[in-house]
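> I'd like to go over a predicted model; first the sequence, then the structure.
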Amino acid sequence: MRKRPVFTSSLNAEEVELPSALWAPGAYFVRLHTERGVHTAKLIRH
């Protein structure tokens with residue numbers, strides 16, 4: 001399994017849209033660093 005960033009950005013917003021149209025199908029993990037801590041979510045692209 002490769003671990004490499006496919007998108008990195010510094011944002012100051014409550015909502016974020018990820019530009020995933022060009023991503024290959026598979027599982028991706030999103031890691032968000034906020035004032036409340038670090039949150040990780042799993043995304044599945046079909």
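Structure's in. What do you need? Model, not experiment: these values are computed from the prediction.

> Show me what the most centrally placed residue in the chain bridges to in the sheet.
Nearest to the mean C-alpha position of the chain, by CA atoms, centre = their mean, lies residue 30 at 3.1 Å. Beta-bridge partners recorded for residue 30 (DSSP bridges): residue 41.

> Pull the number of nearby residues for residue 23.
13 (other CB atoms under 10 Å). To be clear about C-beta, it is placed using only N, CA and C from the backbone, and glycine gets the same treatment.

> Leaving out the residues flanking it, which one is nearest to it?
Spatial nearest neighbour of residue 23, chain neighbours left out: residue 45 (5.3 Å); criterion: CB to CB, 6 or more residues apart in numbering.

> Next, the contact list for that neighbour, please.
Neighbour list for residue 45: 20, 23-28 [criterion: CB atoms under 8 Å, 6 or more residues apart in numbering].

> That one and residue 20: what is the separation?
6 Å (CB to CB, to the nearest Å).

> Please enumerate the shared neighbours of these two.
residue 28.

> Mind jotting down where the strands sit in the chain?
26-34, 37-45 (DSSP state E).

> coming back round to it: which one of the contacts of residue 45 has the most neighbours?
residue 28 leads the contacts of residue 45 on contacts (other CB under 10 Å) with 15 neighbours.

> Figure out how far the lowest-mean-pLDDT helix or strand in the chain is from the centre of its chain.
Lowest on mean pLDDT, DSSP states H and E among the helices and strands of the chain sits strand 26-34, with a mean of 88. Relative to the centre of its chain, strand 26-34 is centred 4 Å away, using CA atoms, centre = their mean, to the nearest Å.

> so where is this protein shaky, pLDDT-wise?
Applying pLDDT under 70 to the chain flags the ranges 1-2.
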